[in-house]
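A.B. asks: compute the structure for the input listed below.
(4 chains)
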Number of protein chains: 2
Amino acid sequence: MEIEQLRYFKTVATMQHMTRAAEVLSISQPALSKSIANIEQHLGVPLFNREGRSIYLNRFGETFLQSVNVILDEYERVKEEFEDIVRPGSGEVSFGFIHTLGTEVVPELIAATRKRFPNMLFSLTQATSLSLMKRLEEGAIDLCLSQKIASKVIEIETEELFAEELFVVVPNTHPLAHLESITLEAIKGEPFIAIKKGNSLRQLVDEFFLKEGIKLNTTFAAEEMHTVAGFVSAGMGVSLIPNIKGLDNYNVKRLKVDPPCYRSIGVSWAKNRYLPPAATEFKQYLIEYLQDR
Amino acid sequence: MEIEQLRYFKTVATMQHMTRAAEVLSISQPALSKSIANIEQHLGVPLFNREGRSIYLNRFGETFLQSVNVILDEYERVKEEFEDIVRPGSGEVSFGFIHTLGTEVVPELIAATRKRFPNMLFSLTQATSLSLMKRLEEGAIDLCLSQKIASKVIEIETEELFAEELFVVVPNTHPLAHLESITLEAIKGEPFIAIKKGNSLRQLVDEFFLKEGIKLNTTFAAEEMHTVAGFVSAGMGVSLIPNIKGLDNYNVKRLKVDPPCYRSIGVSWAKNRYLPPAATEFKQYLIEYLQDR
DNA sequence: TCATTTTGATTCCTTTTAGTTATCAATGAT
DNA sequence: ATCATTGATAACTAAAAGGAATCAAAATGA
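C.D. replies: The predicted model follows:
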């Protein structure tokens, strides 16, 4: 039995008139008569009293109408929800980003996007690059702004947008604190405050030092960048991190690295996976907006 | 889109396996694949992530599953309700009867029926013959036990079952109170307490006197039989009513009429109207049980 | 690593059913 | 009594659901 036929039933029930209901539904009157007869046969009980040329619900029909209302309401609702998602310019975009972008880049981006697409809704997720990648694989988010990571499960496409510079941070009181810039070589042997393994930044930092052939003297591994800054501030070592928000409030000096170290940030999405039109539009807008920031 | 296909979706969603779901649903795997693809096309969004040979819900699918659960639950529920109604021996019978039968006849009848058909459910209505007839016409009740009345709207069939005898009731102190039986002629000129017009018993009583060519001296018209008894008890007149429950508690004498007056009681139902199997069974049982009571 | 099995999708065909037009019988209205 | 209107039916067409065979990709196992 077609779901549409439930709507037919509802229309006949409320109009109490086959011919006019058929006109409203834009089908022929015989088709409607047969549809109703089919439903009655399916259910095994008549739904209408037919007296002469008048037709109206019997007590089974009244019961069924209650159920049909529940069913159609739910069906319409979910269909409309999907139509909203598919409608370009509106609809929900599920978007994730790494913590360092949460204070400036993303708020500005979203604000600008909402001016351009006032009806676009955002479902935002903040996480590490690695877990963002997992959310992409699951289809829980449409797009994410993070450090590029390859997935073993599905194909991920990435458009690189800008680079976050990494700085060597040392305690204010450190002998190196007066320098304008510094080589990685210069902190060889210094106690190093690292990010926990598994974080993609940790991997990147490790690669920078590996390239220079420097064996790090890692003393602590922290979960968060602010924890790292705290440890450095307390004189427990030095580190290599992006310019996080509020870094100046710590007792640390931020030194440019020579040659500079960058962490490349890009927008990623699952290849061969459905992207709602709103997400596609947002992606395009985001690329223009953040390109070479 | 077929309602059945929603069940297909639910099965695939929970089994996360096309082939096995198809087996469970007793359809071919290609048919199932196509059904799912159709639903996705209808809704405009994909519902599953397909990675290699594995298939599982994406976030749209999760949303849709919620709705499908609501829809299928409601549909199953109402279908089962109708199946119960159609299942012989069980199911609900909507049954009406006039007030005078509510104290003995119907309780005994229902008790006996429930012994014979333990799963039969009753929805009982007590009303006047006239309004019972209206409920029959509307299809609000399946059967009723009442005085036979013709309907102008639809064809009503009636099987006559037994006769309620009507008695002349007079105040205890009335000169006629000592008689064993009485002719209608004998109360000619007495103040008469009638039932309100519209009540079918009133119509019957009127006919009895009309046949004898007696013009009644009606002083009051009451809604209920007990009110009539009350008026008679108060010495305000005489009347002609059935032997209602508790009549002996009034200060009245019940006199047999000569020749006797009867009110014929029968079971009525709407002709050409669907009678649930349970109602049909009940009707048959009722006829046997009450025949010539 | 390569052959084998398994899985979901596709193609092509059949069957079912929804829908159309023409028509009918019954019902109301004039 | 006549005539328009209504819901139902019949015969036919169109659409879509379902089945068998087959395919390509992906897991499995030697």
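A.B. asks: so which bits of the stretch 1-150 of chain A are right by DNA strand C?
C.D. replies: Neighbours of DNA strand C within the stretch 1-150 of chain A, by Cβ under 7 Å from any atom of the strand: A:1-2, A:4-5, A:8, A:26-31, A:34-35, A:38, A:51-54. C-beta coordinates here come from the backbone N, C-alpha and C atoms, glycine included.
A.B. asks: just the ones of these in strands?
C.D. replies: A:51, A:54 (DSSP state E).
A.B. asks: now restrict the residues of the stretch 1-150 of chain A next to DNA strand C to buried residues only.
C.D. replies: A:5, A:8, A:35 (16 or more other Cβ atoms under 10 Å in any protein chain shown).
A.B. asks: out of those residues, which are inside helices?
C.D. replies: Those of these mapping onto helices are A:5, A:8, A:35, per DSSP state H.
A.B. asks: would you turn these into JSON lines with pLDDT and distance to DNA strand D?
C.D. replies: Listed next are those as JSON lines, based on pLDDT from 0 to 100; distance: Cβ to the nearest atom of the strand, whole Å:
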{"residue": "A:5", "pLDDT": "91", "distance to DNA strand D": "12"}
{"residue": "A:8", "pLDDT": "92", "distance to DNA strand D": "12"}
{"residue": "A:35", "pLDDT": "92", "distance to DNA strand D": "10"}
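A.B. asks: closest to DNA strand C among those residues?
C.D. replies: In terms of Cβ to the nearest atom of the strand, no member of these lies closer to DNA strand C than residue A:35, at 4.9 Å.
A.B. asks: ok, now which ones touch that closest one?
C.D. replies: Residues in contact with residue A:35, defined by Cβ atoms under 8 Å, 6 or more residues apart in numbering or on different chains, are A:5, A:8-9.
A.B. asks: just name the closest of those residues to residue A:139, please.
C.D. replies: Nearest to residue A:139, judged by Cβ to Cβ, of the contacts of residue A:35 is residue A:5 at 33.2 Å.
A.B. asks: what ranges does chain A have for its helices?
C.D. replies: Going by DSSP H, chain A shows helices at A:3-15, A:18-25, A:29-43, A:59-86, A:105-116, A:129-138, A:200-211, A:225-233, A:277-290.
A.B. asks: save those as a markdown table, and put in distance to residue B:164 too.
C.D. replies: What follows is the helices of chain A, written out as a markdown table (distance: least, Cβ to Cβ, whole Å):
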| stretch | distance to residue B:164 |
| --- | --- |
| helix A:3-15 | 41 |
| helix A:18-25 | 44 |
| helix A:29-43 | 39 |
| helix A:59-86 | 29 |
| helix A:105-116 | 80 |
| helix A:129-138 | 76 |
| helix A:200-211 | 93 |
| helix A:225-233 | 93 |
| helix A:277-290 | 76 |
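A.B. asks: residue B:103: which of these is closest?
C.D. replies: helix A:59-86 (27.2 Å).
A.B. asks: show me what the closest one is packed up against.
C.D. replies: Packing contacts for helix A:59-86, counted by 3 or more Cβ pairs under 8 Å, 6 or more residues apart in numbering or on different chains; DSSP states H and E, involve helix A:3-15, strand A:91-97, helix B:29-43, helix B:59-86.
A.B. asks: give me whichever of these is most buried.
C.D. replies: Mean neighbours per residue, mean count of other Cβ atoms under 10 Å in any protein chain shown, is largest over the helices and strands packed on helix A:59-86 for strand A:91-97, with a mean of 23.
A.B. asks: wait, what's in contact with residue A:287?
C.D. replies: Counting by Cβ under 8 Å, 6+ apart, residue A:287 has contacts A:159, A:161, A:267.
A.B. asks: any idea how far the closest residue to residue A:263 other than its chain neighbours is from DNA strand C?
C.D. replies: Nearest non-adjacent residue to residue A:263, counting by Cβ to Cβ, 6 or more residues apart in numbering or on different chains: residue A:164, 4.6 Å away. Using Cβ to the nearest atom of the strand, to the nearest Å, residue A:164 is found at 39 Å from DNA strand C.
A.B. asks: for residue A:146, see how far away residue A:164 is.
C.D. replies: 11 Å (Cβ to Cβ, to the nearest Å).
A.B. asks: ok, now residue A:157?
C.D. replies: 13 Å.
A.B. asks: now do the buried residues in stretch A:141-156.
C.D. replies: Quick answer for stretch A:141-156 (16+ other Cβ under 10 Å): A:141-149, A:154, A:156.
A.B. asks: mind giving me the domain ranges of chain A?
C.D. replies: Domains of chain A are assigned by automatic domain parsing as A:3-86, A:91-161+A:265-290, A:164-263.
A.B. asks: could I get the ones you listed as CSV with distance to residue B:64?
C.D. replies: Shown next, in CSV, are the domains of chain A (distance: least, Cβ to Cβ, whole Å):
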stretch, distance to residue B:64
domain A:3-86, 6
domain A:91-161+A:265-290, 14
domain A:164-263, 34
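A.B. asks: of those domains, which is nearest residue B:219?
C.D. replies: The nearest among the domains of chain A, by Cβ to Cβ, is domain A:3-86 at 41.5 Å.
A.B. asks: now do the end-to-end distance for that closest one.
C.D. replies: One end of domain A:3-86 to the other measures 22 Å (Cα to Cα, to the nearest Å).
A.B. asks: and that domain, how far out from the chain middle?
C.D. replies: Distance, stretch centre to chain centre, for domain A:3-86: 40 Å (Cα atoms, centre = their mean, to the nearest Å).
A.B. asks: sorry, back to before: near chain B, from the buried residues of stretch A:141-156?
C.D. replies: When contact is defined as Cβ under 8 Å from any Cβ of the partner chain, those meet chain B at residue A:154.
A.B. asks: and which of the buried residues of stretch A:141-156 is nearest DNA strand C?
C.D. replies: Nearest member of the buried residues of stretch A:141-156 to DNA strand C, counting by Cβ to the nearest atom of the strand, is residue A:154, at 15.1 Å.
A.B. asks: wait, isn't residue A:87 in contact with residue B:44?
C.D. replies: No. At 9.5 Å, residue A:87 and residue B:44 do not qualify as touching, with contact defined as Cβ atoms under 8 Å.
A.B. asks: among the buried residues of stretch A:141-156, which lie within strands?
C.D. replies: A:143-147, A:156.
A.B. asks: which pLDDT value goes with the residue of chain A found nearest DNA strand D?
C.D. replies: Closest approach between chain A and DNA strand D, counting by Cβ to the nearest atom of the strand: residue A:30, at 2.8 Å. On the pLDDT scale, residue A:30 is placed at 91.
A.B. asks: and what of residue A:163?
C.D. replies: According to the prediction, residue A:163 has pLDDT 89.
A.B. asks: that one and residue A:107, how far apart?
C.D. replies: Counting by Cβ to Cβ - residue A:163 and residue A:107 are separated by 20 Å.
A.B. asks: try residue A:101
C.D. replies: 9 Å.
A.B. asks: which of those two has more neighbours?
C.D. replies: residue A:101 (19 against 12; other Cβ atoms under 10 Å in any protein chain shown).
A.B. asks: ok now do the residue nearest to residue A:146 when sequence neighbours are not counted, which residues does it touch?
C.D. replies: Once flanking residues are discounted, residue A:146 sits nearest to residue A:129: 4.0 Å by Cβ to Cβ, 6+ apart. By Cβ under 8 Å, 6+ apart, the contact set of residue A:129 is A:98, A:146-147, A:149, A:199-201.
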